[in-house]
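> fold the stuff below for me.
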Amino acid sequence: MGINWEEDVIRHADGRRRCGWCGHDADYVRYHDTEWGVPEHDGRRLFGKFVLDAFQAGLSWLVILKKRAAFHRAFAGFDPARVAAFDDRDVARLMNDSGIVRNRAKIEAAIAAARIIMEHGGPDWFARFLWGFVDGAPLQPRFRTREHVPDKTALSMRISREMKRLGFRFCGPVTVYAFMQAVGMTNDHLVSCWRHDAVRRLGEGSSG
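Next up, the predicted model:
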């Protein structure tokens, strides 16, 4: 997910300091507190997050977040096996679904991604593929200000190239880095955010 930083951190009414990008929207704050940066090793959930990040390209993540339930329904619970079987009728159905972002190229890219995943062994393969780039453990940078947080890295460029080689689309290095942040491949909560240490501890106990 692409993040629009307005402040380094914000102190909320509950006294906690949070990364400034989550602002004060309740959905955004909940997402920041419970999901963003948490290491995700389930291949099916990783596929769902990848699809959502691809749809987010060029849009606000908050738009996608508020449509996430509709995306989940429209894309068969983000089950790669089921999405891989989608045909032209499903594309037409999705193009008529006002609950999601109706972009044919992104819809077809999501279906193509599901087929690639299934051709290589399914969700477990996808999880191993992604986490293999970080040796199964989250990166733990200690960013102090928003200016220090990159929008892409040498690693995200390498992952992007490999994904494109396999046939994935909407996986440029910026999108890939946002995905890495979201699924906890890197802990990019600022060190002054209350979630930084909590996510670090989760990372220390996670494994692929």
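> what stretches of this protein score poorly on pLDDT?
Segments of the chain classed as low confidence (criterion: pLDDT under 70) are 1-6, 206-208.
> could you pull out the strands for it?
9-11, 17-19 (DSSP state E).
> give the contact list for the residue most central in space within the chain.
Residue closest to the average C-alpha location in the chain (CA atoms, centre = their mean): Phe179, at 3.6 Å. Contact analysis of Phe179 by CB atoms under 8 Å, 6 or more residues apart in numbering lists Met1, Lys49, Phe50, Asp53, Met185. Where C-beta positions appear, they are placed from N, C-alpha and C, glycine not excepted.
> for the third one, which non-adjacent residue is closest in space?
Excluding its sequence neighbours, the residue lying closest to Phe50 (CB to CB, 6 or more residues apart in numbering) is Phe179, at 6.1 Å.
> and the one you found, how far from Val91?
Phe179 sits 23 Å away from Val91, going by CB to CB, to the nearest Å.
> deepest in the core, which of the strands of the chain is it.
The highest average neighbour count among the strands of the chain, using mean count of other CB atoms under 10 Å, belongs to strand 17-19 at a mean of 22.
> partner strands of that one and their direction?
According to DSSP bridges, strand 17-19 forms sheet pairs with strand 9-11 (antiparallel).
> contacts made by the partner strand with the rest, please.
The contact list for strand 9-11, computed with CB under 8 Å, 6+ apart, reads Arg17, Arg18, Cys19, Gly20, Cys22, Gly23, His24, Leu190, Ser192, Cys193.
> how does it look with 10 Å?
16-24, 29, 144-146, 189-194 (CB atoms under 10 Å, 6 or more residues apart in numbering).
> great, nothing more from me.
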